[in-house]
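J.: Whatever this is, show me its structure:
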Amino acid sequence: MRAKMFADNKTLIGYNPVTTHVHYASYPKIYGDHFIGPNNVLIGDVTLKGPVFIGFNNVIRADYGSPFFIGPRTSIHDQCLVHGQPEQYVKVGAYKWSVHIDGDVSILHGSSIHGPCRIGKNTFIGQNVSVFDAIIKPNCVILHGANITGGVTIPEGRLVEPGQNIYKQEDADRLPPVSGEYLSLNPETVNGYMELLYAYRKQTPYGTIKAKKR
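T.: As a prediction, this is how the structure comes out:
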């Protein structure tokens, strides 16, 4: 029996306003399987390429910096922010993005991902992490409370310890490799949240939200 939960899903999916920073109005584009829980906000030129899990009370707002890409097998848990600076980008192939989350990325509760930034594939972002103006290469583990900023690039496969501040490239280059128990941390989280995605779709009234122009 479907649980009688989320009777009032106040998720908002809508156009961004046109301003001097974002010159066109866009509606989020959602492709593939997804779960988008109650009380989320998705505004503007945001591409979700499923399967993607968006938990509860998150804000994904492409109204100041734009556009955003959130790749497959990404999970954004609860009370997270995705936002960006105007006219500042990371380049991925031939395209410029304010925020690009490659895929197989886990973003835990209370974290802030603020463009210009790119989060590489198979990366774990712990609770209450702040990423602002940074590139994180694939296969990294960023533990709870870390702060990454200053235009740094975190090399592939590195570990950022809890509460660590990385704002100089030389500090980023000295980070240790991910090893031991941390090697399985993100794959286990990705698999767990993909299971949760389909469980929510099958067992609750809010399996999908269609981003149609209204």
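
J.: which secondary structure element contains R201?
T.: The secondary structure element spanning R201 is helix 185-203 (assigned by DSSP states H and E).

J.: So which bits of that helix are buried?
T.: Neighbour-count burial for helix 185-203, counted by 16 or more other CB atoms under 10 Å, picks out 185-186, 189-190, 193-194, 197, 200. For every residue, glycine as well, the C-beta is placed using N, CA and C.

J.: right, and the pair among the residues you listed with maximum separation?
T.: Set against one another by CB to CB, those have their most distant pair in L185 and Y200, with a gap of 22.5 Å.

J.: how many other residues sit next to T19?
T.: Neighbour count of T19, defined by other CB atoms under 10 Å: 10.

J.: distance of it from L175?
T.: Using CB to CB, to the nearest Å, T19 is found at 37 Å from L175.

J.: do the same with P138
T.: Between P138 and L175 the computed distance is 14 Å (CB to CB).

J.: Kindly report the same for S66.
T.: Distance of S66 to L175, computed by CB to CB: 30 Å.

J.: which of these two has more neighbours?
T.: Of the pair S66 and L175, S66 is the one with more neighbours under other CB under 10 Å, namely 25 against 18.

J.: OK, contacts around the nearest residue to G163 once chain neighbours are set aside?
T.: Leaving aside its sequence neighbours, G163 sits nearest to G145 (CB to CB, 6 or more residues apart in numbering; 4.3 Å). For G145, the contact set (CB atoms under 8 Å, 6 or more residues apart in numbering) comprises 126-129, 162-163.

J.: same question, Q169
T.: Neighbouring residues of Q169 by CB under 8 Å, 6+ apart: 151-153.

J.: With P176 instead?
T.: Under the contact definition (CB under 8 Å, 6+ apart), the residues listed for P176 are 158-159.

J.: isn't there a helix covering A134?
T.: No: secondary structure assignment places A134 outside any helix; it is strand (DSSP: H, G, I helix; E, B strand; the rest coil).

J.: Which pLDDT value does the model give it?
T.: Here, the pLDDT recorded for A134 equals 98.

J.: can I assume it is in contact with C117?
T.: Yes: at 5.2 Å, A134 and C117 qualify as touching, with contact defined as CB atoms under 8 Å.

J.: I'd like the mean pLDDT over stretch 174-188, please.
T.: If you average the per-residue pLDDT over stretch 174-188, you get 97.

J.: Kindly report the same for stretch 32-44.
T.: If you average the pLDDT values across stretch 32-44, you get 94.

J.: buried sites along that stretch?
T.: Of all the residues in stretch 32-44, those buried under the rule 16+ other CB under 10 Å are 33-37, 39-44.

J.: Endpoints of that stretch, how far apart?
T.: One end of stretch 32-44 sits 19 Å from the other (CA to CA, to the nearest Å).

J.: from the chain's centre, how far out does it sit?
T.: With CA atoms, centre = their mean, to the nearest Å as the basis, stretch 32-44 stands 12 Å off its chain's centre.
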